[in-house]
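Asks: would you be able to build a 3D model of this:
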Amino acid sequence: MLSEIGGAVKNYIALKGAREENAGLKEEVDRLTQERDEARETAAEDLRIRADYAIPSLPQYRKVSALVISRDPSIWFKTLIINRGSGDGVKLNMPVMAASGVVGRVTAVGVNCALIQVITDRHAGVGAMLQQSGAMGEVRGLDSDRCELKDVGSTVDVKPNETVVTTGLDGVYPKGITIGTVESVQDDPNAPWHKIIVRPTAPMDRLETVVVLLIEPKDLKMQDTIK
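Replies: The predicted model follows:
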């Protein structure tokens with residue numbers, strides 16, 4: 001009888017151990033499955049973004065796609081936070097793009113995230129050029145959903161809806177990327193400059209995905225040297 005009880009106890013202990021081991025294995029399988037699914041989702045999202053945000057005129061620059069994970073609710077149109085950081089090769093002052101145009105530049109970097117100053121922030125500046133006339137100036141944010149193209153002389157013929165692009169001379173943004181379009185031109189006969197309001201082509205308040213160009217000032221200087 002004792003041997004039978006001892007055998008039953010051993011069987012119970014073995015069965016309990018097997019159940020616990022199976023439960024542990026199931027948790028591990030569930031965890032690995034979740035990680036696999038997340039990796040697949042991230043890879044698929046990355047491929048989609050890369051396809052949507054390809055920049056064919058800049059094939060020499062490496063890019064990393066990113067999701068917009070946060071906006072400062074008290075400072076609309078000024079900052080974004082993305083889910084890419086130094087672990088992905090992102091560094092300070094790297095330019096950030098959307099499919100439709102310039103978004104801004106990296107102003108702070110963590111291992112897994114980065115802060116982006118968008119071009120509509122009044123402290124942001126982008127070397128800019130009117131595509132038709134070639135007149136150069138600087139795009140400055142207006143702390144709203146608009147920017148102003150400054151330092152364009154009043155003698156320059158500026159047309160509404162004219163495209164504004166980057167000059168590549170500010171050491172941050174490569175040349176020839178769309179910034180926005182001229183929304184209005186306000187002239188003061190006593191002023192030497194146009195007051196040009198620009199509507200950015202990238203929708204800062206609705207962005208979900210962006211691309212960081214993994215370039216630095218030395219890369220832009222090399223581009224100018226090659227040209």
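Asks: identify the residues contacting the nearest residue to residue 88 once chain neighbours are set aside.
Replies: Counting by C-beta to C-beta, 6 or more residues apart in numbering, the nearest residue to residue 88 once its immediate chain neighbours are dropped is residue 64, at 5.1 Å. From N, CA and C alone the C-beta is placed, and that goes for glycine too. Contacts of residue 64 were listed using C-beta atoms under 8 Å, 6 or more residues apart in numbering, and they are 84, 88, 89, 90, 211, 212, 214.
Asks: wasn't the fifth one part of a helix?
Replies: No. The assignment for residue 211, made by DSSP: H, G, I helix; E, B strand; the rest coil, is strand rather than a helix.
Asks: so how far is residue 188 from it?
Replies: Per C-beta to C-beta, to the nearest Å, residue 211 is found 39 Å from residue 188.
Asks: got the contacts of residue 64 as TSV, with pLDDT columns?
Replies: Below are the contacts of residue 64 laid out as TSV (pLDDT from 0 to 100):
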residue	pLDDT
84	96
88	96
89	96
90	97
211	96
212	97
214	94
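Asks: what about the closest residue to residue 175 other than its chain neighbours, how many residues nearby?
Replies: Among residues not flanking residue 175 along the chain, residue 168 sits closest, at 2.9 Å (C-beta to C-beta, 6+ apart). Residue neighbour count, defined by other C-beta atoms under 10 Å, stands at 19 for residue 168.
Asks: residue 168 against residue 217, yeah?
Replies: No. Between residue 168 and residue 217 there is no contact, the gap being 10.8 Å when judged by C-beta atoms under 8 Å.
Asks: mind checking the SS state of residue 220?
Replies: Going by three-state DSSP: residue 220 is helix.
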